[in-house]
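S.K.: sharing a sequence plus its predicted fold:
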Amino acid sequence: MNKCKECGENHAIDTSFCLNCGSSLTITDAPKRKPNRGQKKKIGIFASVAILLLLAVAGYQGLKQKHGEEAVIDRFLTALSQKDERTLKELIVPSDPRIKITHDSLIALFDLLDQNPSAFQEIKQSISNDSLTNTLFTMYKKGKVYGLVTRYVIDPSGYTIVASAAGDKTIIFLNDQELGYIEKAGDTNEYGPFLPGVYQLRTITMVGNEKVEDEVKLILSGAQTKKTLEFVKAEDSKQLLQLAAAQKKKDEEKKQTDEKNKEQQASQKVVIKEVIREVPVGGMYNYYIIPSSDYYTLSDSDLNGLSKSNLRIARNEIYARHGFVFDSADLQNYFNNQAWYYPNSSYKGILSAVEKHNVDLIKSFE
């Protein structure tokens, strides 16, 4: 049946018009609406915005991962081990602007790592906040990267040098570059701060009428950030003043006596050095420079009278007890000839609190 929508009259299916009211009984489909151009444009804009948002989120997460704390620590330690100056200059941003990160200061830092087996481990502990006594390097926040993520940088400890000399008109050089000038004997100047490292300091001074040169190797490391130096040693200063007085008075006899004393002192130093360093081929020894340095807290009196070579060996004895494998050929030769030494390639330079104290104390004497 075909029912009229206007009057409700029923008709046969094939009837086209209502016989009662004349209305059309044909059902027509509503025309389909086509999307206009404006709708298509909106859809395209929404899709583009969604893609841009996804890219922005991915980029932000990438920046956050690349410049996060752990990533910066890994980059810093890798750059140290590979001596990558470019990366280190990017990552090391001292909070004290007086500390300069230059080729020379980085070379001094590399020398510290080469000459001290435990230095890298100490830096790793300090940068990870695992060291309570040594903070060679720490990390801090400095601004934003592209204004989006926190920028983490490495902050070095700054070491200052307090220098005095026995003579007048003293010129001080740091790694062959003039550092400062001290007018009068006994005056004191402070220099720095400097990046941790091993530096060569040289002085030219006047003692009486004599021009005297002195040179020291300075290790800037450890918890003590201020190093006090008297470049011309007291005993050398006394001898030089005596020599200057002898020249002034033209006392040849006194001059000859001083020269003989110098020769005797030099010969004594040579004998001591030879006894310590000379190891016969195939010979085995079983002694220590400082036997108790692994469990006894050393004091200054324990180190007085030891030569620089003795101090160096005593310091490395502490590592050798653990089987540390040395890079230096002379240290390899020395410890391989000690009956108590057993190389252990897995040892990474970790020390007890007592051993750490003793290493720092010996370094300060060196």
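M.R.: Looks like it arrived, so ask away.

S.K.: poorly predicted segments of the stretch 151-300 of the chain, please.
M.R.: For the stretch 151-300 of the chain, residues meeting the criterion pLDDT under 70 lie at 229-255, 258, 260-287.

S.K.: swap the cut-off to 90 and go again
M.R.: 151-152, 157, 161-190, 192, 200-297, 299-300 (pLDDT under 90).

S.K.: all the helices of it, residue numbers only.
M.R.: Under the criterion DSSP state H, counting those that start in this stretch, the stretch 151-300 of the chain contains helices at 234-249, 252-277, 300-303.

S.K.: other SSEs contacting the shortest one?
M.R.: Where contact means 3 or more Cβ pairs under 8 Å, 6 or more residues apart in numbering; DSSP states H and E, helix 300-303 is packed against helix 353-365. All C-beta atoms are positioned from the backbone trio N, CA, C, and that covers glycine.

S.K.: how far is the helix it packs on from where the chain is centred?
M.R.: Here helix 353-365 shows a centroid-to-chain-centroid distance of 19 Å under the convention Cα atoms, centre = their mean, to the nearest Å.

S.K.: other SSEs contacting it?
M.R.: Judged by 3+ Cβ pairs under 8 Å, 6+ apart, helix 353-365 is in contact with helix 300-303, helix 308-320.

S.K.: angle of it against helix 308-320?
M.R.: 160 degrees (axes from the mean of the first three to the mean of the last three Cα atoms, to 10 degrees).

S.K.: buried stuff in helix 353-365?
M.R.: By 16 or more other Cβ atoms under 10 Å, the buried positions in helix 353-365 come out as 354-363, 365.

S.K.: ok, now stretch 200-213?
M.R.: Going by 16+ other Cβ under 10 Å, stretch 200-213 has these buried residues: 201-208, 212.

S.K.: what's the farthest-apart pair in the residues you listed?
M.R.: Comparing all pairs in those by Cβ to Cβ, the longest separation belongs to 201 and 208, at 22.6 Å.

S.K.: could you tell me the end-to-end distance of stretch 320-327?
M.R.: In stretch 320-327, first residue to last residue: 12 Å (Cα to Cα, to the nearest Å).

S.K.: same question for that stretch, mean pLDDT?
M.R.: Averaging pLDDT along stretch 320-327 gives 89.

S.K.: going forward, begin numbering at 641 instead of 1
M.R.: All right, first residue 641 from here; so that's stretch 960-967.

S.K.: give me the number of residues near the spatially closest residue to residue 844 that is not a sequence neighbour?
M.R.: Leaving out its chain neighbours, the residue that sits closest to residue 844 by Cβ to Cβ, 6 or more residues apart in numbering is residue 811, at 4.8 Å. Neighbours of residue 811 under the rule other Cβ atoms under 10 Å: 15.

S.K.: what number of residues lie near residue 736?
M.R.: Neighbours of residue 736 (other Cβ under 10 Å): 11.

S.K.: in what element of secondary structure is residue 730 found?
M.R.: Assigned by DSSP states H and E, residue 730 belongs to helix 725-731.

S.K.: buried set for that helix?
M.R.: Of the residues in helix 725-731, 725, 728, 731 count as buried by neighbour count, 16+ other Cβ under 10 Å.

S.K.: right, and residue 857 touches residue 838 too?
M.R.: Yes: assessed by Cβ atoms under 8 Å, residue 857 is found in contact with residue 838 at 6.5 Å.

S.K.: more neighbours, the two?
M.R.: A direct count of neighbours by other Cβ under 10 Å for residue 857 and residue 838 places residue 838 higher, at 21 against 12.

S.K.: what residue, apart from its backbone neighbours, is nearest that one spatially?
M.R.: The shortest distance from residue 838 to any residue other than its chain neighbours is 4.0 Å, reached at residue 751 (Cβ to Cβ, 6+ apart).

S.K.: dihedrals phi and psi, the one you found?
M.R.: phi -60, psi -40 (degrees, to the nearest 10).

S.K.: quickly note the distance from it to residue 858.
M.R.: Distance, residue 751 to residue 858, by Cβ to Cβ, to the nearest Å: 11 Å.

S.K.: one more: residue 663?
M.R.: To residue 858, residue 663 is 112 Å away according to Cβ to Cβ.

S.K.: ditto for residue 867
M.R.: Distance of residue 867 to residue 858, computed by Cβ to Cβ: 7 Å.

S.K.: higher neighbour count, these two?
M.R.: Taking neighbours as other Cβ under 10 Å, residue 867 and residue 858 compare with residue 867 leading, 21 against 18.

S.K.: write down the beta-bridge partners of residue 777, one by one.
M.R.: For residue 777, the beta-bridge partners under DSSP bridges are residue 796.

S.K.: make sure it is actually in contact with residue 768.
M.R.: No: Residue 777 is not in contact with residue 768 according to Cβ under 8 Å; the separation is 10.0 Å.

S.K.: ok, the two, which is more surrounded?
M.R.: residue 777 (24 against 15).

S.K.: residues touching residue 997, list them.
M.R.: 937-938 (Cβ atoms under 8 Å, 6 or more residues apart in numbering).

S.K.: report pLDDT for it.
M.R.: With respect to pLDDT, residue 997 scores 92.

S.K.: per-domain residue ranges of this structure.
M.R.: 707-872, 940-1005 (automatic domain parsing).

S.K.: re the thing from before, overlap in contacts, residue 867 and residue 858.
M.R.: Both residue 867 and residue 858 are contacted by residue 801, under the criterion Cβ under 8 Å, 6+ apart.
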